[in-house]
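In: What follows is a predicted structure for the sequence shown.
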Amino acid sequence: MAEKIIETNGVEICTETFGNATDPCILLIMGATASMIWWDEAFCRKLGAQNRFVIRYDNRDVGRSSVFEELNYDVTDMAADAFGVLDFYAIEKAHLVGMSLGGMLAQIMALQQPERVLSLTLIASSVWANRPELPQIDPKFLQYHSRAATLDWEDKAEVQDYLVGGWKLVNGSARKFDVVRSSQLAFREIDRANSLISMFNHAMLGGGEAYYDRSSEIKAPVLIIHGTEDPILPYPHALALQEAFPGAKLLRLEGVGHELHEQDWELIIQEIVALTAGK
């Protein structure tokens, strides 16, 4: 199905679906600064082929969704956008699969409307709580992205190299970094973005404090997937999730970074299908 722009929560959100709408729904929620194409089309089709109705979408301020000159929303607005996507497709209940910030949005959604959330898959994410003792983002990543302020954002080749370089930093040692595929992805990000630089609004996101430390209220089954070499949300964040959700399964990806590498798709899809079976 082609991309479809919907209106919800006062914004336009770009969406795309895969599979049969009568099958159980899986909503894919991407993390900060990344558009929905980080959920690779081939990944979505493989998941949809397992008798699942898969929806991916651009969060506000990335891709073809609404963009803002300055931050005027918080994480609860982004959670509301996700519910709006489900409403548009007349989905009463869905399985939520969130990557990084997307996993945290999924937890907020499960607290806001638990009757609509069938399960949570939290990939390279963290517990929605005030946990300052957990390890922070690798400083080399922040140092690299400090160059964004001096980048010529009109120079597509320069921006493409910058994006690819950033993605290479989050790649773990167990998987070879695919420069060609990453360059193609970066080109698509640049080509389809309403305002690529607007993605940095996500770096200043706040809100949602009312939902801190309430994991025990979430009764939906949980799957945790995390790479041991994640430089953005280091592996102890996965252990914090496991502590917050004692009944959850933790899929530990040795040597994997903050990534959805093609070599891991089969295993990830297998685990998501198992979690979402019969619901």
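Out: Thanks, I have the structure now.
In: in the stretch 151-279 of the chain, which ranges drop under the pLDDT threshold?
Out: Scanning the stretch 151-279 of the chain for pLDDT under 70 picks out 279.
In: Which parts of it are helices?
Out: Applying DSSP state H, counting those that start in this stretch to the stretch 151-279 of the chain gives helices spanning 156-169, 179-192, 236-244, 265-275.
In: Need the winner for burial among the ones you listed.
Out: Among these, ranked by average contacts under mean count of other Cβ atoms under 10 Å, first place goes to helix 236-244 (a mean of 20). Quick note: C-beta positions are derived from backbone N, CA and C, even for glycine.
In: helices or strands next to that helix in the packing?
Out: strand 222-227, strand 249-253 (3 or more Cβ pairs under 8 Å, 6 or more residues apart in numbering; DSSP states H and E).
In: just so I know, which of the helices of the stretch 151-279 of the chain lies nearest Ser35?
Out: The closest of the helices of the stretch 151-279 of the chain to Ser35 is helix 179-192. By Cβ to Cβ, the value is 6.1 Å.
In: Next, the angle from that closest one to helix 156-169.
Out: Between helix 179-192 and helix 156-169, the angle comes out at 130 degrees (axes from the mean of the first three to the mean of the last three Cα atoms, to 10 degrees).
In: how about the strands in this structure?
Out: 4-8, 11-18, 25-29, 53-57, 94-99, 117-123, 222-227, 249-253 (DSSP state E).
In: will you turn these into JSON lines that also has distance to Gly84 and mean neighbour count?
Out: What follows is these, written out as JSON lines (distance: least, Cβ to Cβ, whole Å; neighbours: other Cβ atoms under 10 Å):
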{"stretch": "strand 4-8", "distance to Gly84": "3", "mean neighbour count": "14"}
{"stretch": "strand 11-18", "distance to Gly84": "7", "mean neighbour count": "21"}
{"stretch": "strand 25-29", "distance to Gly84": "11", "mean neighbour count": "26"}
{"stretch": "strand 53-57", "distance to Gly84": "10", "mean neighbour count": "26"}
{"stretch": "strand 94-99", "distance to Gly84": "12", "mean neighbour count": "26"}
{"stretch": "strand 117-123", "distance to Gly84": "15", "mean neighbour count": "25"}
{"stretch": "strand 222-227", "distance to Gly84": "24", "mean neighbour count": "26"}
{"stretch": "strand 249-253", "distance to Gly84": "30", "mean neighbour count": "18"}
